[in-house]
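S.K.: Fold the following.
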Amino acid sequence: VPVVAPVAQPSFDWAGAYGGLSVGYAFGGDDRVGIHNPDGDLLGTPGSNDISGATYGVHLGYRWQREFRGRQFVYGPELAYEGASADGSFSTDSASGSSEIDNLISLRFKSGILNEAQNTLFYGIIGAMRGEFDYAVEGAGMDYNDSYDADAWTVGLGVERMVNERVSLFGEWEYRDFGRDTLTDDAGFST
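M.R.: Predicted coordinates for the structure are as follows:
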């Protein structure tokens, strides 16, 4: 009876430096515009700049891979830069507004576990982000048209599949919370 040697499954090494590109879609932005006079009194809430649209980015990072209790864990930092064509606007008889993402930069920590074949990584992310936005509101005495920066925290989940030893594909959902910012025009009106 011939002896057949078992075929070894390929083992992928996820450790080391990496770089890559991404495309995505931003949605779910909730930017309700309220206009206040210089005394802080609310004059109205004429509309909402709910940002949505395409994003594109560059990612650089480093990962370590360790075995723990028979499972392979992968973790490390990642720096990402994103540009976008994501925006939102409104226009009423009394006011108009618009908001657009210029760029985003983030520092995130990714950590996850490999499947048994070690070709798929299931991971979570947590990190900090800074965004630059173009913003405009006109009406009810307000005239603001400028750019501003805002900080956010971010969390997410993802799956990355190794195509070969040098190429992988990933899909990711990420929540970003930029909080609230008050923007004031030259006359003291704010939103």
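S.K.: For the nearest residue to T184 once chain neighbours are set aside, give the beta-bridge partners.
M.R.: Once flanking residues are discounted, T184 sits nearest to S190: 4.4 Å by CB to CB, 6 or more residues apart in numbering. For every residue, glycine as well, the C-beta is placed using N, CA and C. Beta-bridge pairing for S190 (DSSP bridges): H36, T184.
S.K.: so who does S190 touch?
M.R.: Residues in contact with S190 (CB atoms under 8 Å, 6 or more residues apart in numbering) are 35-36, 40, 142, 182-184.
S.K.: Restricted to buried residues, select those residues in PyMOL.
M.R.: Burial among these is assessed by 16 or more other CB atoms under 10 Å; the matching PyMOL selection reads:
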select buried, resi 35+36+142+183
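S.K.: what's the spacing between D134 and E82?
M.R.: Using CB to CB, to the nearest Å, D134 is found at 15 Å from E82.
S.K.: Compare the two (neighbour count), which wins?
M.R.: Set D134 next to E82 and count neighbours by other CB atoms under 10 Å: E82 wins out with 21 against 14.
S.K.: Over to the more buried one. Which of the three states is it?
M.R.: Three-state assignment for E82 (DSSP: H, G, I helix; E, B strand; the rest coil): strand.
S.K.: Equivalent analysis for D143, please.
M.R.: Three-state assignment for D143 (three-state DSSP): strand.
S.K.: Report how many residues lie close to the closest residue to it other than its chain neighbours.
M.R.: Of all residues not flanking D143 in the chain, D185 sits nearest, at 5.4 Å (CB to CB, 6+ apart). Number of residues near D185 (other CB under 10 Å) recorded here: 18.
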